[in-house]
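1. Below: sequence and its predicted model.
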Amino acid sequence: MTKEFTQITIPTNLYQQLEEKIKGTEYASVASYVTKVLKEHLEKSPGEKEAFTSEEEEKVKERLKALGYID
Amino acid sequence: MKRKVLVIGLDCAAPQILFNQNLQLPVLSQLMREGIYGPLRSADPPITIPAWMVMSTGRDSGRLGLYGFRHRQDYSYHKIWIATSYSIKEKAVWDYIREAGGKSVLVGIPPSYPPKPVAGNLISCFITPSDDKEFTYPQELGEEIVSQFGPYLFDVKFRTDEKDKLLEDIYHMTRHRFKVLNYLIKSKPWDLFMFVEIGLDRIHHAFWKYMDREHHLYTPGNPYEEVIFDYYRELDRLVGELISQVDQETVIMVVSDHGAKRMKGAFCLNEWLIEEGYLVPKSRPTSPISFDQLEVDWSKTKAWGWGGYYARVFLNIAGREQQGIIPPEDYEREREILIQKIKNITGPQGEQWQTKIIKPQEYFDELKGDYPDLMVYFDDLYWRSAGTLGHGKMYLEENDTGPDDAVHDFNGIFILYDPQEKQGKTKQASILDIAPTILDKLGLPQPADFKGKVIS
C-alpha cells in the first residue's frame, strides 16, 4: 500500500533556518513549506508564463461554475 | 507517415444513444458496420479534463496529475489553480508525430488554451477566455479563421431555462465549427487531424430530462423529446460531409471522453459532513452559499468536500493544512472510517446507493499533482456532488447551480474505421487504448510503458 506520508532527513541546521523563515507565515510546519517548495521545483517548466491574467482567471472560474465543473 | 488518421471527438457521446440502431445515423453506422466499435471506458475521474488528455497522451490521471478542471494550491483551504494547456507535462500523440517529422491539425481538445506550439495548426478549446485572445497556433491562423468565418465560437451557456435560444446557439456553434474544420482539413497539411465538438455534452446536460423516460423530471409529450436525437443526426450529417474530404486510405476514429446518463439529483456533501461532525462551521447557513463563503472553524474540522460530477474529499491534516488537526499517523485510520460512512449514505428514500470511492494513493501507479484524499462517485455517478450548502436539505432534486439533467457515465464510445481492415465487430476498449492505436495506424513506435493496447 502506498503511504500518504514518508520521511526524509535534512541537516538540523537547515531545518532550524527554515523554521525561523516560516515563523508567522501561513506555513504550519517546515514539512508543509518544504513540500510546497519541492512541488514548485518539480512542476515549473522554465520560462513558462501564466496562462491567465487574474481577471481572466476569475472569468474562466465563473464559466466553469456555469458549466457544472466547479461548485 | 504512410497513412493519415482523422479523430472525431464528440464530447460526452453516449453508447446507449450512438449505438442505438433505431436512430438512423447513416454515416456513423457505416463506419461501425465496417470497423470496430464499442463502449470506451473513460478515465478516473470521467471528466472532460482530464479525460481528453488521458486519451491524447495514453497516460492516466495520476501520471498527468490532473483530477478535474480545478485543483487545490499548496494545500490551502481556498486557493485553487485551473488546468490549462500548461498543466500537461506528458507527451501527446501529436508530440510523437512531430518528432517523426509529421504534422497535426488540432481543434478544441481540452485543455488547449493557451495555444502551445505544435508542428501544424491548433485552435484552443472552450476554456479560452475569448477570441480576442491568442487562440491559435500559429497566431496568424486566428486571423485567418475570424476573417473567413467570423468570430470563433468556443462554447455556449447551457445552464439556462431559455431552451429554444440555447438550442439555436448549440446548432450555430457546431455548424460554425464544422465549417472551420472543413476548411482546415483541405487547406492544411496533416498526418493527424483531431478535434473535439463540445456541443453534444452541452445538449445532453441541457435536454436529457426531456428525452429519458426514466428521468424523474421527464414529462411525456414534451416539445423537446427529440432534441438530443435530432442533434445526433445533425452530427452524423456534418461528420459525413467532413469525411467525404479525406482519401480512401485515411483511418477514421470517432471517440468520446465519457458517457452520460440521467441525473437523479445533487447530494450536498458539505451539509452531510457537517451533520457527521467532520466539518464545523462557525454558523449554519440559512440560504444557499458556496463552500468558499462558509466560515469554517478549521481548528475543529476534519474534512470538507468539493462538488461537481464527482466529489473530492479533503482531510485536514496537521502539518499539511494550515490548521490541520488529524495527526499524520492517523491519516489512514481516519480516512478508512470516513470511507465506511460515505459508503453507507443512502438515497432520499433510504434506497441503497452504489457509491464508489477511490483512494488516489492506492489506485494510481504514479501519483502527481494536487490529488484529493478521496474521490467519490455517489451512487455510481447518478448523484452529482453539490459543494454548496444552506439549501435546508441534503438531497436536491435539481442541480444546485442552474438547470442540468445529466451526469457523466463511465463508458463513452469509440469507432475505429480502417479502410484496409474492414471488420464489423464490437468490443470494449479503454480510453488508454486510443493513443497506442493512433500511433500504430500512423506506423509510429509505441512507448514501452504505455498501459493501453492497440485496438484490433
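-> Good, I have the coordinates.
2. Quick check: the residue of chain A nearest chain B.
-> A:Ala51 (3.8 Å; Cβ to the nearest Cβ). Glycine gets a C-beta too; all of them are placed from N, C-alpha and C.
3. How many residues are close by that residue?
-> Residues near A:Ala51, counting by other Cβ atoms under 10 Å in any protein chain shown, number 20.
4. so what's the closest residue in space to B:Ala311 that isn't next to it in sequence up against?
-> Leaving aside its sequence neighbours, B:Ala311 sits nearest to B:Ser385 (Cβ to Cβ, 6 or more residues apart in numbering or on different chains; 3.4 Å). Each residue near B:Ser385 by Cβ atoms under 8 Å, 6 or more residues apart in numbering or on different chains is listed here: B:Ala266, B:Phe267, B:Leu269, B:Gly305, B:Trp306, B:Gly307, B:Gly308, B:Tyr309, B:Tyr310, B:Ala311, B:Val376, B:Phe378.
5. Name the SS class of B:Ser385, please.
-> What DSSP: H, G, I helix; E, B strand; the rest coil gives for B:Ser385 is strand.
6. So what's the residue count around B:Gly392?
-> B:Gly392, neighbours per other Cβ under 10 Å, totals 11.
7. and what of B:Ser42?
-> 24.
8. Which phi and psi values does it adopt?
-> Main-chain dihedrals, B:Ser42, degrees, to the nearest 10: phi -70, psi -180.
9. What of B:Val296?
-> Per degrees, to the nearest 10, the backbone of B:Val296 is at phi -100, psi 140.
10. Kindly report the same for B:Ile243.
-> phi -80, psi -10.
11. Now do the same contact list for the nearest residue to it once chain neighbours are set aside.
-> With sequence-adjacent residues excluded and distances taken as Cβ to Cβ, 6+ apart, B:Ile243 is closest to B:Ile252, at 5.9 Å. Neighbouring residues of B:Ile252 by Cβ under 8 Å, 6+ apart: B:Val5, B:Leu6, B:Ile8, B:Leu31, B:Gly35, B:Ile243, B:Val246, B:Ile415, B:Tyr417.
12. Ok, B:Lys188 next?
-> B:Lys188 neighbours (Cβ under 8 Å, 6+ apart): B:Lys103, B:Val105, B:Gly120, B:Asn121.
13. bridging residues for the last one?
-> With DSSP bridges applied, the residues forming beta bridges to B:Asn121 are B:Val105.
14. re earlier: now do the residue nearest to B:Ile243, the pLDDT please.
-> For B:Ile252, the model assigns a pLDDT of 98.
15. Can you tell me the element it falls in?
-> Using DSSP states H and E, B:Ile252 falls within strand B:251-255.
16. do A:Lys61 as well
-> helix A:54-66.
17. helices or strands up against that helix?
-> Counting contacts by 3 or more Cβ pairs under 8 Å, 6 or more residues apart in numbering or on different chains; DSSP states H and E, helix A:54-66 packs against strand B:80-82.
18. Now do the strand it packs on: distance to the chain's middle.
-> A distance of 17 Å separates the centroid of the chain from that of strand B:80-82, by Cα atoms, centre = their mean, to the nearest Å.
19. Give me the sheet partners of it and which way each runs.
-> strand B:70-72 (antiparallel).
20. Just the angle for the strand or helix carrying B:Ile49 relative to strand B:251-255, thanks.
-> Using DSSP H and E, B:Ile49 maps to helix B:48-57. Computed by axes from the mean of the first three to the mean of the last three Cα atoms, to 10 degrees, the angle separating helix B:48-57 from strand B:251-255 equals 160 degrees.
21. if we look at helix B:48-57, which residues are touching it?
-> Around helix B:48-57, the neighbours that count as contacts under Cβ under 8 Å, 6+ apart are A:69, B:9, B:11-12, B:42-43, B:59-61, B:64, B:66-69, B:83, B:88, B:90-94, B:109-111, B:194, B:196, B:201, B:255, B:257-258, B:412, B:431-432, B:434-435.
22. ok, now with 6 Å
-> B:42-43, B:60-61, B:64, B:66, B:69, B:83, B:88, B:90, B:92-93, B:109-111, B:257-258, B:431, B:434 (Cβ atoms under 6 Å, 6 or more residues apart in numbering or on different chains).
23. near chain A, from the residues you listed?
-> Counting by Cβ under 6 Å from any Cβ of the partner chain, B:Phe69 from the contacts of helix B:48-57 sit close to chain A.
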